[in-house]
Every structure is written in structure tokens, then in C-alpha cells.
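Asks: compute the structure for the input listed below.
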Amino acid sequence: MSENRETAAKVKSIHVKLSHLLELGSGWDGEEGEAPNETALTWASLVIEAAERNGASPTSIVPCPDDGVSILFSRGEKQAAIECFNTGDLSAGFSGHGIETTAWDIENDEHEVEKAVQRISDFLG
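Replies: Okay, here's the model as predicted:
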């Protein structure tokens, strides 16, 4: 029961963080970056929920300089990210010390998001 409350509190905290990203406004990055929009935040929320189901909790959720949201993961010397752009496009990638960087596009489909998160979870170990 306590674990369910902790998970619910964590998910609520993540959704609050996502909603705060909407408040950034244009030029948040000191240049011409657009704040994440509802499209990016919707996909980001789906990514985060999939990550929690797959045991790959994000280490950071930040606005992306390419107009959207970056969901970052790390474990040891391994890093991964899924970017949810304002256009609705999605991309993912991972790298690590001595590991070739791998990047790919994700189709706009919840099942494909789940597969990408699982791939990242498997990579992180």
C-alpha cells in the first residue's frame, strides 16, 4: 500500500513538473527556443508512464532546445533520452563510455513508445 502511495506521489510530482514547462514562454533558453506545448507534454506524459512501468524512472525532465521536452535517464556511465517535440515527432537515443551512440525516431504510437522505453530500460540494465 505504501509503495502505491509513493508511486502516485511521484507521478503527481512529474505531472506538476510537466505543467510548469508550459509556463516557460518563447526564448526560455536565451535564444529562440519555444516552450513545450500540449502536444509535446502529452507524449512526454505517455513516455514517463511507460518508463515507470518498465522500471526506468527518468532522472530528469527538461525543456529541449529544439522545442519540446527531453526525458533523460541514466544508470552508471550509461545515458539515454527520449525527446518529445512540439510537432509531435519523437526520437530516442542512448550512449555511454565506450558505447557507440545509438539514435532513432519513434513512430507516434503508444505501442512504439512502449517499445522504445523497453529498449532504453534493457540498455540501462
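Asks: going forward, measure contacts and count neighbours with C-alpha atoms only.
Replies: Noted.
Asks: and the residue nearest to residue 66 when sequence neighbours are not counted, how many neighbours?
Replies: Leaving aside its chain neighbours, residue 66 sits nearest to residue 33 (6.7 Å; criterion: Cα to Cα, 6 or more residues apart in numbering). Applying other Cα atoms under 10 Å, we find 18 residues neighbouring residue 33.
Asks: quick one: contacts of stretch 109-123?
Replies: Surrounding stretch 109-123, the residues in contact under the criterion Cα atoms under 8 Å, 6 or more residues apart in numbering are 46, 47, 50, 51, 54, 55, 56, 80, 92, 94, 106, 107.
Asks: flag every buried residue along the helix or strand where residue 121 lies.
Replies: Element membership of residue 121 [criterion: DSSP states H and E] is helix 110-124. By 16 or more other Cα atoms under 10 Å, the buried positions in helix 110-124 come out as 113, 114, 116, 117, 118, 119, 120, 121, 124.
Asks: measure the last one to residue 21 for me?
Replies: The reference is to residue 124. The spacing between residue 124 and residue 21, counted by Cα to Cα, to the nearest Å, is 26 Å.
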